[in-house]
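> fold the following.
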Amino acid sequence: MSNTRIAFIGAGNMAASLIGGLRAKGLEAAQIRASDPGAETRARVSAEHGIQTFADNAEAIQGVDVIVLAVKPQAMKAVCEALRPSLAPQQLVVSIAAGINCASMNTWLGAQPIVRCMPNTPSLLRQGVSGLYATAQVSTAQREQAQELLSAVGMALWLEEEQQLDAVTAVSGSGPAYFFLLVEAMTEAGVKLGLPREIAEQLTQQTALGAAHMVVSSDVDAAELRRRVTSPNGTTQAAIESFQAGGFEALVEKALGAAAHRSAELAEQLGQ
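Here you go, the predicted model:
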């Protein structure tokens, strides 16, 4: 992306994280600009990253190669329709707004090349993962631009079908909250078993971090790692059997199915 010029429409937390990631990877401040209706937000992003900011979206996109739509889903239609007269034909539009499909964006923007992305909140720490889908108008070079953009805050994975983004939303988009819920529950259980709350929190948090590192760095899958730490008739087996007796796997499947279904519903409600 050494010569790519990028404009962010919306300069909130996720946009600021992407900007920081790009700057850390060597992209010059002069190649990045952002627009936002909030004067304080513009001032903060400009001060932190040294980039030019604008109150006017149409002014921000002039002469850039990539436009990143980082606005709330409810505002997407109005923002896109207002941008349409100012767009150049081959400017790549990258959307990180949840629940807005490419067909809706093409209706509002015209026949622009579009990449739709679903990042997650660990992207704020550059430990995220994103699912990406490109329309047929997106060139190979533009796919590479989108890949490098999202890779600045973590892992970026391409999907062949847009509807798979609903599953991405269920697994990784909403996924951090599931782990937070487990951390909450394990901490509370530890307290009820007699641990001081601070100790229960530290034990749970470090266990979550260590387990995540193991599953990412191991040459075997999660199921095999679980088997390796589950001694026959031991403490881990007692806990695992209790989880399974309560329908743990079926509950997880049901929960993710509900999230994917809601993602599809939101796309319909917020779209055309």
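
> got a list of contacts for stretch 203-215?
Residues outside stretch 203-215 that contact it (Cβ atoms under 8 Å, 6 or more residues apart in numbering): 179, 182-183, 186-187, 190, 195, 222, 225. To be clear about C-beta, it is placed using only N, CA and C from the backbone, and glycine gets the same treatment.

> all helices of this protein, in order?
Assigned by DSSP state H, the helices in the chain fall at 13-24, 39-49, 57-60, 76-83, 102-109, 140-151, 164-168, 175-192, 197-217, 222-228, 235-245, 248-270.

> nearest to Tyr133, out of those helices?
With Cβ to Cβ as the measure, helix 164-168 is the member of the helices of the chain nearest Tyr133 (5.9 Å).

> one step back: ok, which of the helices of the chain comes nearest Ser123?
Distances from Ser123 to each of the helices of the chain were compared using Cβ to Cβ; the shortest belongs to helix 13-24, at 5.5 Å.

> tell me how far the closest one lies from the chain's centre.
Averaging C-alpha coordinates over helix 13-24 and over its chain gives two centres that are 13 Å apart (Cα atoms, centre = their mean, to the nearest Å).

> who are the packing partners of it?
Packing contacts for helix 13-24, counted by 3 or more Cβ pairs under 8 Å, 6 or more residues apart in numbering; DSSP states H and E, involve strand 6-9, strand 32-35, helix 39-49, helix 140-151.

> between those, which gets nearest to Glu81?
Taking Cβ to Cβ as the measure, the helices and strands packed on helix 13-24 were each checked against Glu81, and strand 6-9 came out nearest at 12.7 Å.

> for the helices and strands packed on helix 13-24, give me a markdown table that also has mean pLDDT, mean neighbour count and distance to Glu241.
As requested, these are exported to a markdown table (pLDDT from 0 to 100; neighbours: other Cβ atoms under 10 Å; distance: least, Cβ to Cβ, whole Å):
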| stretch | mean pLDDT | mean neighbour count | distance to Glu241 |
| --- | --- | --- | --- |
| strand 6-9 | 97 | 26 | 50 |
| strand 32-35 | 96 | 26 | 52 |
| helix 39-49 | 95 | 15 | 50 |
| helix 140-151 | 95 | 18 | 40 |
